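>>> coords below, sequence missing:
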């Protein structure tokens, strides 16, 4: 049951919004804040607070990009990609056990 | 991206401890509170509060069983098994997309 415990103890990715952010970022690398907000259907304040948690954990970096005007972009870090991959493998092994 | 949104919006199973409870219950049907607490490595108060949320959602039933002394048992309901299965299928389709 170590895998279930591993899942339960992951406070960064345990939140479904943060897991959703990382799942969306993983195959894309970098996305605009606005796009992420639309995809997840959350308020800017809510998304911002979850991004701060992910940034503090070193999973994402917030940067400014200049499209038609300055915009906030969210970029996955090497650590973020690695930790998300690890978490997904844990989840997958649990799912294989029960489905 | 509807599947990511589905994941993000599930407030009952979005919590990793509650997901862990349901993952442990699913193949077992019914387990003792004490056992669940040990497996997940959480405090009784913490487990109790998550079980109340699951009970309110109709996912589990708390019952008393008499082993050597009265003990609390946690039983998965039909609705709980169905909703957990649905959530796991959503997760699985997301994982297949990125791994």
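Sure, I can see it. In this text, all values refer to a predicted model and were calculated from it rather than measured experimentally.
>>> which of the residues in stretch A:38-46 are buried?
A:39-40, A:42 (16 or more other C-beta atoms under 10 Å in any protein chain shown). In short, each C-beta sits where N, CA and C put it, glycine included.
>>> Tell me which residues are up against that stretch.
A:17, A:20-21, A:24, A:33, A:37, A:47, A:50, B:1, B:4-5, B:8-9 (C-beta atoms under 8 Å, 6 or more residues apart in numbering or on different chains).
>>> now do 7 Å
A:17, A:20-21, A:24, A:37, A:47, B:1, B:4-5, B:8 (C-beta atoms under 7 Å, 6 or more residues apart in numbering or on different chains).
>>> same deal with stretch A:90-98?
A:3-4, A:6-7, B:23, B:26-27, B:88, B:91-92, B:95, B:99.
>>> Can you point out the buried residues in that stretch?
Buried, per 16+ other C-beta under 10 Å, within stretch A:90-98: A:90-92, A:94.
>>> do stretch A:20-38 as well
A:20-26, A:31, A:33, A:36.
>>> average model confidence for that stretch?
For stretch A:20-38, mean pLDDT rounds to 94.
>>> Which pLDDT does the model give the residue of chain A positioned farthest from its centre?
In chain A, the residue that sits farthest from the middle, by C-alpha atoms, centre = their mean, is residue A:68; the gap is 26.2 Å. As predicted, residue A:68 sits at a pLDDT of 82.
>>> Run the chain-centre distance for the helix or strand of chain A with the lowest mean pLDDT.
Lowest by mean pLDDT, DSSP states H and E among the helices and strands of chain A is helix A:2-9, with a mean of 80. Remark: helix A:2-9 is offset 18 Å from the chain centroid, using C-alpha atoms, centre = their mean, to the nearest Å.
>>> Could you pull out the buried residues of it?
Buried, per 16+ other C-beta under 10 Å, within helix A:2-9: A:3-8.
>>> just checking: which of the residues you listed also lie near chain B?
Among the buried residues of helix A:2-9, proximity to chain B is found for A:4-5, A:7-8 (C-beta under 7 Å from any C-beta of the partner chain).
>>> Let me have those in a markdown table, extended by distance to residue B:62.
Listed next are those as a markdown table, based on distance: C-beta to C-beta, whole Å:
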| residue | distance to residue B:62 |
| --- | --- |
| A:4 | 20 |
| A:5 | 22 |
| A:7 | 23 |
| A:8 | 20 |
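>>> Just flag the most distant two among those residues.
A:5 and A:7 (7.2 Å; C-beta to C-beta).
>>> What is the burial count for residue A:48?
By the criterion of other C-beta atoms under 10 Å in any protein chain shown, residue A:48 has 14 neighbours.
>>> On the three-state scheme, it is what?
helix (DSSP: H, G, I helix; E, B strand; the rest coil).
>>> most residues in a single helix of chain A, which one?
helix A:78-98 (DSSP state H).
>>> How about the residues of chain A by chain B?
Counting by C-beta under 7 Å from any C-beta, chain A sits next to chain B at A:1, A:4-5, A:7-8, A:10, A:14, A:16-17, A:19-20, A:23-24, A:26-27, A:39-41, A:88, A:91-92, A:94-95, A:98-99.
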